[in-house]
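>>> Starting from these lines, generate the structure:
(2 chains)
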Amino acid sequence: MSENSIISLQNVNKWFGDFHVLQDVNLEVKKKERIVVCGPSGSGKSTMIRCINRLEEHQEGTIIVDGIELTGNLKNIDSVRKEVGMVFQQFNLFPHLSVKENITLAPIWVKKMPKKEAEELAMLHLEKVKIPEQANKFPGQLSGGQQQRVAIARSLAMNPNIMLFDEPTSALDPEMIKEVLDVMVGLAEDGMTMIVVTHEMGFAKTVADRMVFMDEGKIIEQAVPDKFFTNPDSDRTKLFLSQILNH
Amino acid sequence: MNSENFSVSRKPPIATTGLLGWLRMNLFSNWFNSLLTFLVIYLLYLILPSFFNWTIFSADFIYNDFGDRIIDRTLCTGRVDPERGGGACWSIIFVRFYQFVYGFYPREEVWRVNITYFLLVVAILPLLFEKFPQRKYFLYFTIIFPVIAFFLLYSGFGLLNTVRTNMWGGLLVTLVLGFTGIALAFPLGIILSLGRRSKLPVISMVCTLFIEFIRGVPLITLLFFGMVMLPLFLPEGVNLDGLIRVLVAVTLFQSAYMAEVIRGGLQAIPQGQYEAAQSVGLTYWQMNRKIILPQAIRITIPSIVNTSIGLFKDTTLVVIVGQLDLLGIGRAALADQTWMGLSQEVYVFVALVFFIFTFSMSRYSLYLEKKLKTGNNAGAD
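Residues are numbered from 1 along each chain as shown, chains lettered A, B, ... in the order given. Modelled structure (predicted):
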């Protein structure tokens, strides 16, 4: 593990039953670095980032997040989850809570923040994602793009050092993708450490410090976007890029 | 924007709205429906007059047709003059009303039961209606109400005479069994359902075994178990009150069913909800309390009410182990020489009382469903 890594995956292996979904994955992420992970479906991208906040358990290797090793130790898992925010493809907002309650829940219960303070914090983050006027609505009344922005605000309210995005725009109608990506670009500009699984190559080109290409459970190639898009080393990367860029 | 520019909205055709429209749509939409409608009207014509005649128009209430106060069955109009009889003799209910409502609770202590009934209403209303003023503080009362009720009814906080439960009866026993059974089984059911889904094999196995065992035997068996076997498990010298033993059996029975109902709700919650809750750092209990259970319970309200209604009616089985609930008191009244033979009146009355309670429960559940469907209410707390 290099000295200034905030996330470090070393020889991580994971199986779903007999299926070897992560094979000797090594990844170092520096503070404030923005990583975009891409690859064909079933390549293990989502599984990899879900291992980083222990939504999935890895079976071999080490994962260290902000100096804390992820093991069976529940205390470690809790402290890692406080550091790491996550945004899901399906938003996963809590449908029985209002937008504001969705955001204040974790600060109030996990950080023991007074309700009033948490609500001010929620409004602050809702303004950041540009939908303060939706605070008292319920998730079911919002569009997909708005829901995803609430989900981002919900994660940010826990003041994480790291944000994981698991295909945040894949479930959105095309006209809503931009509003979510804009918020993510804003986050990147603020210096958030981000790992983003996405097929939005335009976003990758503008924001990513480094591209990671995965296939069949392995990291095939890592490169800065310039090189990745113009002159990748691996044939598989070339094939993948030609498939997603030329349609 | 002026919507009138787009279209002028017209009234719907007359025959589709109002009473006429309703009749047409629902009762006479085709010849078969019309036939059924007339058939049903004819059947009602056959049944209703004699029904109302028996229950109301020819019935005796407090006095018979000759102006005498009815104090035993021989004074019912039908007995005095068989020619004129033909109606119900409700006097049995009026004369024995006290037993139906309180059992054999001493008359000079009955105010304790009345206060408990009143407090029961005070405890339940804020639970049922979210708009109840000062709801939060009333809910604290709701939580401690069972304890207050127990001491008030049983020992009078040590200040009053102890009224042992073998003096309790009628509606009092039915309500104690029904409400306590439902109220205790609910949290127990939640814990069992979470336990059954636990990742820890021991917990999940214990809960599964418990649920399957309880569901696998009839309530009557459990009642006998409570009466006969439970004392064997208790330490020497501890003698549990009869009603409490029955209550234990009823609660265990209900909790197993409740657990399965809630488990059904838990299974309907998408995995993403768990993941989102975990990813913001909630602990297992926080996640269940704030995210998973509120949603699971919401979707299972109809089933929860359904099993609760089932339990409320099943409490009548306790008569088998010697507890005189509402139905038991009714049967006791019928066994009395003075009133023998008026079984129709007693059973109709008991049925009516049960119907009032169960029907209110089902209406409440409908109200709740409707309210939750429209959605914008109630956070997790």
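>>> Near chain A, which residues of the stretch 201-350 of chain B are found?
With C-beta under 8 Å from any C-beta of the partner chain as the criterion, the stretch 201-350 of chain B meets chain A at residues B:270, B:272-273, B:275-283, B:286, B:290-291, B:294-295, B:298. For glycine as for every other residue, the C-beta is placed from the backbone atoms N, C-alpha and C.
>>> Only whichever of those are buried, select them in PyMOL.
Those of these that count as buried under 16 or more other C-beta atoms under 10 Å in any protein chain shown are selected in PyMOL with:
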select buried, chain B and resi 273+275+276+277+278+279+280+281+282+286+290+291+294+295+298
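>>> how about the helices of chain A, start to end?
Ranges of helices in chain A, per DSSP state H, are A:45-52, A:74-83, A:99-109, A:115-128, A:144-156, A:174-189, A:201-207, A:225-230, A:235-245.
>>> just the stretch 101-250 of chain B next, same as before
With DSSP state H, counting those that start in this stretch applied, the stretch 101-250 of chain B shows helices at B:110-128, B:135-153, B:171-196, B:201-216, B:219-224, B:230-233, B:242-267, listed in chain order.
>>> coming back round to it: can you redo the helices of chain A as JSON lines with distance to chain B?
Formatted as JSON lines, the helices of chain A follow (distance: least, C-beta to the nearest C-beta, whole Å):
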{"stretch": "helix A:45-52", "distance to chain B": "8"}
{"stretch": "helix A:74-83", "distance to chain B": "4"}
{"stretch": "helix A:99-109", "distance to chain B": "4"}
{"stretch": "helix A:115-128", "distance to chain B": "10"}
{"stretch": "helix A:144-156", "distance to chain B": "7"}
{"stretch": "helix A:174-189", "distance to chain B": "16"}
{"stretch": "helix A:201-207", "distance to chain B": "22"}
{"stretch": "helix A:225-230", "distance to chain B": "27"}
{"stretch": "helix A:235-245", "distance to chain B": "26"}
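>>> Now tabulate those in TSV and tack on mean pLDDT and mean neighbour count.
Shown next, in TSV, are the helices of chain A (pLDDT from 0 to 100; neighbours: other C-beta atoms under 10 Å in any protein chain shown):
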stretch	mean pLDDT	mean neighbour count
helix A:45-52	94	24
helix A:74-83	90	17
helix A:99-109	96	24
helix A:115-128	95	17
helix A:144-156	95	25
helix A:174-189	92	18
helix A:201-207	92	17
helix A:225-230	92	15
helix A:235-245	89	14
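>>> Could you name the stretch from those that's closest to B:Phe129?
Comparison of the helices of chain A against B:Phe129 by C-beta to C-beta identifies helix A:99-109 as nearest, at 21.1 Å.
>>> ok and the closest one relative to helix A:144-156, angle-wise?
20 degrees (axes from the mean of the first three to the mean of the last three C-alpha atoms, to 10 degrees).
>>> Distance check, B:Leu234 against B:Arg245.
10 Å (C-beta to C-beta, to the nearest Å).
>>> So between the two, which is more surrounded?
Legend: neighbour count by other C-beta atoms under 10 Å in any protein chain shown for B:Leu234 and B:Arg245, higher for B:Arg245 (23 against 11).
>>> Which residue is the nearest non-sequential neighbour of residue 179?
All of this refers to chain A. Leaving out its chain neighbours, the residue that sits closest to A:Glu179 by C-beta to C-beta, 6 or more residues apart in numbering or on different chains is A:Gly145, at 4.7 Å.
>>> um, chain B though
Per C-beta to C-beta, 6+ apart, closest to B:Phe179 is B:Leu120, 7.2 Å.
>>> what's the neighbour count on that neighbour?
Neighbours around B:Leu120, by other C-beta under 10 Å: 17.
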